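[1] What would the 3D arrangement of this be:
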Amino acid sequence: MPDKRELDKNAKVKKEKKRLEKVFKLLDGNKLTTVRSLINTAAYIAVTLEELQEIINAEGYISEYKNGANQWGKKQSEAVEIYIALTRNQSTIIKQLVDLAPPEKRKDSKLEALRRE
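    Numbering: from 1, shown residues only. Predicted coordinates:
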């Protein structure tokens, strides 16, 4: 049985998917199929990045390690490494989604409406 944290994450991912799907609801069928997989991935990454931010804020950016008997050092934490990789992936996905997004429908200004009359 999934724990509460997994349910919360799934609910957040679902909410993010719905938000993104509203933007792309006017696409034709072929593009929509491509966009759905990108939306699923983008939503998951967005929620995961939020979780990683919380971990990084709580534990910090640097972790200590022991290499051998007397050799100690500091390095970038694993959460930061994953965060950086996911941020790069998210940037790529967002760029693809923006390229596929339908043009925004703009409301006519009052001046344009008067010109057409």
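
[2] ok, which stretches of the chain are strands?
    In the chain, the segments counted as strands under DSSP state E are 62-66, 72-76.

[3] export the ones you listed to JSON lines and tack on distance to residue 103?
    Backbone N, C-alpha and C define where each C-beta goes, glycine included. Below are the strands of the chain laid out as JSON lines (distance: least, C-beta to C-beta, whole Å):
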{"stretch": "strand 62-66", "distance to residue 103": "45"}
{"stretch": "strand 72-76", "distance to residue 103": "41"}
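
[4] Of all those, which one is nearest residue 32?
    Closest to residue 32 of those, according to C-beta to C-beta: strand 72-76, at 39.0 Å.

[5] Which residue is the nearest non-sequential neighbour of the spatially most central residue of the chain?
    Centroid-nearest residue in the chain, with C-alpha atoms, centre = their mean: residue 46, separated by 2.8 Å. Computed as C-beta to C-beta, 6 or more residues apart in numbering, the closest residue to residue 46 that is not its neighbour in sequence is residue 16, at 5.3 Å.

[6] My guess is the one you found contacts residue 48. True?
    No. Between residue 16 and residue 48 there is no contact under C-beta atoms under 8 Å: 10.6 Å.

[7] so what's the residue nearest to the centre of the chain scoring on pLDDT?
    pLDDT for residue 46: 96.

[8] ditto for residue 100
    84.

[9] quick one: it from residue 83, how far?
    Applying C-beta to C-beta, to the nearest Å, the value for residue 100 to residue 83 is 26 Å.

[10] out of those two, which sits in the more crowded spot?
    When neighbours are counted by other C-beta atoms under 10 Å, residue 100 and residue 83 differ, and residue 83 comes out ahead with 20 against 15.

[11] List the buried residues for stretch 88-98?
    By neighbour count with 16 or more other C-beta atoms under 10 Å, stretch 88-98 contains the buried residues 90, 93, 97.

[12] Output the residues you listed as CSV; include the columns distance to residue 31.
    CSV is the format used below for the buried residues of stretch 88-98 (distance: C-beta to C-beta, whole Å):
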residue, distance to residue 31
90, 20
93, 15
97, 11
